[in-house]
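[1] return atomic coordinates for the entry below.
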Amino acid sequence: MNGIIQNKIFDEIDIGDTASVEHMLTQKDIQLFAVMSGDVNPAHLDEEYARSDMFHEIIAHGMWGGSLISTVLGTQLPGPGTIYLGQTFRFLKPVGIGDTVTARVTVKSKDEKKKRLILDCVCLNQDGKEVITGEAEVIAPTEKVKRKRIRLPEIEFKDEECPHHHQAICMVHGLEPLKTAVVHPADAVSLRGAVEATEDGIIEAVLVGPEDKIRAVAEEENIDLSPYTIIPTPHSHAAAEMAVQMVHEGKVEALMKGKLHTDELMLAVMDKQKGLRTGRRMSHVAMLDIPKFPRPLYVTDAAINIQPNLTQKVDIVQNAIDLFLAVNKTVPRVALLSAVETVNQDIPSTLDATALCKMAERGQITGALLDGPLAFDNAISEEAADIKGIRSQVAGKADILVVPDLESGNILFKQLVLLSGAHMAGIVMGAQVPIILTSRASSAIARKASCALALLTVRDSKGQKQGTECHHDTAPNVVEGGW
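    Numbering: from 1, shown residues only. Here you go, the predicted structure:
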């Protein structure tokens, strides 16, 4: 009966009685079994490794099939109250994803005195071929049990956290680390972020700031500073100036923000005589890794330019394109955001978007496909774009979102982080060297990804080849209770 589980007591069981369950193997079955057992053998989880193995595909753990036999014994024959005493298995054929396995037990003998049963066990695949055989010994129940079947909790499989950030980090494997001045790393978050990125071979951190404060943080956090060069300065403002000077002297290739305000760091960077200005406007480009969104989303500029004019937006757009090309090597789709997708003289951002598209047509902006004005929904949702009747190569498929001004960009960015669970990696482009900007709220993976973005831009400009992709052998996170 549906929803009811009941047993067969010893006296009700005859030799030759049989029971079975059937289950089709899925990738999630394998992953869940790996999480439960801790068995992360790459033959079960790593597709690339499995292709080179003897079976040439991912296969189930042997004991996954064995667990189906346990299911029959515990729920049907004999059912609740059964005590498992022993089990033998022979594994004859592999079980692959999509195979349907029938686990069957058959009573072979009974011991009246001890109330014990010997049962033949077999697992058959969808072709009727034996994949597992064996024998079980159990003590059968002597009292009738009839219970409501327990409803199991739903399991939600979470994708790997920040897959796009992981991918950026993987791409720098094999590249020479980026020598980076870490400006005023006088708190645990910034110091540990620099150390972890160095340990991963992404940067070579040079610590610039008050030495006593840096060492005090290191002692408190149990961080060994012996591998690191410390450039002592009296305070954070002097640290920013010293880091900029080190760029001019060729001692470092990038800057990384520590425990100081962005304005304080950028004041030294943008100094007209001693700073790191180029002929291009500086702007911040954020690479957002958003759960369940199929691609990284680049947003600019939500950190530096308050109300950029058209000329400044040209540089902001080009900076974002250049970063995207250094990382992805594909032509990005750039959406120029506004409140509406039609040109309206009362909404200046629609006029700027129209001009920027025309400038791209004339070669004043290069390396990307531009469209705008576009509202946020029809920039990232193909369905929304179709409803509005928008036909373009960008609408619904945007890789880069260019916001009208800092206010709207900051609101959009924080909404994606706080409500959508996005993680942000980002750097400042347009200076003589990339500037790695992180916040106290940035995760460890986002900090490393920010360093990886900086490394990719520098090595790309020097023509160095990117590293190869990583392959993670670990099983995914699972949490109880799906949506």
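[2] where do the helices sit along the stretch 51-200 of the chain?
    Using DSSP state H, counting those that start in this stretch, the helices assigned to the stretch 51-200 of the chain run over residues 62-75, 163-171, 188-199.
[3] cool, the stretch 351-483 of the chain as well?
    Assigned by DSSP H, counting those that start in this stretch, the helices in the stretch 351-483 of the chain fall at 376-380, 382-387, 406-420, 444-461.
[4] what's the closest of the helices of the stretch 51-200 of the chain to T26?
    helix 62-75 (11.0 Å; C-beta to C-beta). The C-beta positions use only the backbone N, C-alpha and C, and glycine is treated the same way.
[5] distance between the closest one and the chain's centre?
    34 Å (C-alpha atoms, centre = their mean, to the nearest Å).
[6] then stretch 433-442?
    Worked out by C-alpha atoms, centre = their mean, stretch 433-442 lies 19 Å from the chain centre.
[7] quick one: end-to-end length of it, please.
    End-to-end span of stretch 433-442 (C-alpha to C-alpha, to the nearest Å): 22 Å.
[8] cool, and stretch 179-193?
    Distance across stretch 179-193, first residue to last, is 15 Å (C-alpha to C-alpha).
[9] mean confidence (pLDDT) on it, please.
    The average pLDDT within stretch 179-193 is 93.
[10] now that stretch: buried residues?
    Buried residues in stretch 179-193, defined by neighbour count with 16 or more other C-beta atoms under 10 Å: 179-187, 189-193.
[11] got it, and stretch 135-151?
    Residues of stretch 135-151 classed as buried: 136-141 (neighbour count, 16+ other C-beta under 10 Å).
[12] closest one to L406 out of these, please.
    A136 (68.8 Å).
[13] run a quick check on that closest one versus G74, I expect a contact.
    No. With contact defined as C-beta atoms under 8 Å, A136 does not count as touching G74 (10.9 Å).
[14] re earlier: out of the helices of the stretch 51-200 of the chain, name the one with the poorest average pLDDT.
    helix 163-171 (a mean of 85).
[15] which elements pack onto it?
    Counting contacts by 3 or more C-beta pairs under 8 Å, 6 or more residues apart in numbering; DSSP states H and E, helix 163-171 packs against strand 283-289, strand 423-429, helix 444-461.
[16] give the pairing partners of the lengthiest strand in the chain; include direction for each.
    If you go by DSSP state E, the chain has its longest strand at strand 100-111. Here strand 100-111 is paired, per DSSP bridges, with strand 18-24 (antiparallel), strand 116-124 (antiparallel).
[17] how about a markdown table for the ones you listed, with distance to H44 added?
    Output for those, formatted as a markdown table (distance: least, C-beta to C-beta, whole Å):
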| stretch | distance to H44 |
| --- | --- |
| strand 18-24 | 16 |
| strand 116-124 | 17 |
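[18] contact partners for P332?
    Contact analysis of P332 by C-beta atoms under 8 Å, 6 or more residues apart in numbering lists 298, 320-321, 324-325, 367-369, 399-400.
[19] which of those are buried, as a PyMOL select command?
    Typed into PyMOL, the line below selects the buried ones among the contacts of P332, using 16+ other C-beta under 10 Å:
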select buried, resi 298+320+321+324+325+368+369+399+400
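[20] show me the contacts of P332 that map onto strands.
    Counting by DSSP E, the part of the contacts of P332 found in strands is 298, 369, 400.
[21] closest to I436 among these?
    Of the ones in strands among the contacts of P332, the one sitting nearest to I436 (C-beta to C-beta) turns out to be Y298, at 15.7 Å.
[22] wait, the closest one sits on F324?
    Yes. Assessed by C-beta under 8 Å, Y298 is found in contact with F324 at 5.9 Å.
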